[in-house]
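Chemist: Just a sequence and a predicted model for now, questions to come.
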Amino acid sequence: MGAVLPIRIAETKLAGVKRLVSPLEIFGSNRKSAQGYDIGIKKDYDDIVSNLNKYSNQYHKISSLIKGNPTVKTPKDFKILKPSSLEKIGVFDKASIDEIKKALALSHQAFHSWSSVPVEKRAKVIEKFGDLLHENRYFFYSLLIREAGKNIKDSTAEVREEIDFARYYAQRARELLSKPLQMPGLYRRNQ
């Protein structure tokens, strides 16, 4: 009796399966999975590298924002260095204590208005965040590689995880917060 080929084992085990789902469909209709890469496959690796090249010489000027506006009135440019070469790839302005206090106060105010937004609308905002991460993934890969010294595999995994987190929490919000939940309490039922 000869050796059993792996393909024969797979065919036997998959005999009743009508269709294998793609990796993007592993969560069913609940949510879409973030796109992954196998950088051991030349096509995937080349795709990432060619897209990274678009961002390889970008210079970043970063500032704190309050309501979408730069807050720093007296810029103190702190250098952002590429760890592998100590090349200056950007600067950031450090916010003052007053600017931080203002941001925290506005965040506290925004919490109350955000809390009154219906769950479905909040879930869509979080999903949109995940979609924007996906659309701009090569920029973020490049940023993680250049600013944090990550390799291609780690940078793609980190961005993919963030996309999945956004989609996951949007899905969970719909499941858990669309209607009141009965929570058992010590003396009475809480809602």
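Modeler: Happy to help now that I have it.

Chemist: so how far is Phe78 from the residue positioned nearest the centre of the chain?
Modeler: The centroid of the chain falls nearest to Glu162 when counting by Cα atoms, centre = their mean (2.3 Å). Glu162 sits 25 Å away from Phe78 when distances are taken as Cβ to Cβ, to the nearest Å. Using the backbone N, CA and C atoms, a C-beta is placed for each residue, glycine as well.

Chemist: For the chain, just list every one of the helices.
Modeler: Assigned by DSSP state H, the chain shows helices spanning 6-13, 42-52, 97-115, 119-135, 137-148, 152-177.

Chemist: out of the ones you listed, deepest packed?
Modeler: Counting by mean count of other Cβ atoms under 10 Å, helix 137-148 has the highest mean neighbour count of the helices of the chain, with a mean of 19.

Chemist: elements contacting that helix?
Modeler: Helix 137-148 sits against helix 42-52, strand 88-93, helix 152-177, with contacts defined as 3 or more Cβ pairs under 8 Å, 6 or more residues apart in numbering; DSSP states H and E.

Chemist: now with 6 Å?
Modeler: Under the contact definition 3 or more Cβ pairs under 6 Å, 6 or more residues apart in numbering; DSSP states H and E, helix 137-148 sits against helix 152-177.
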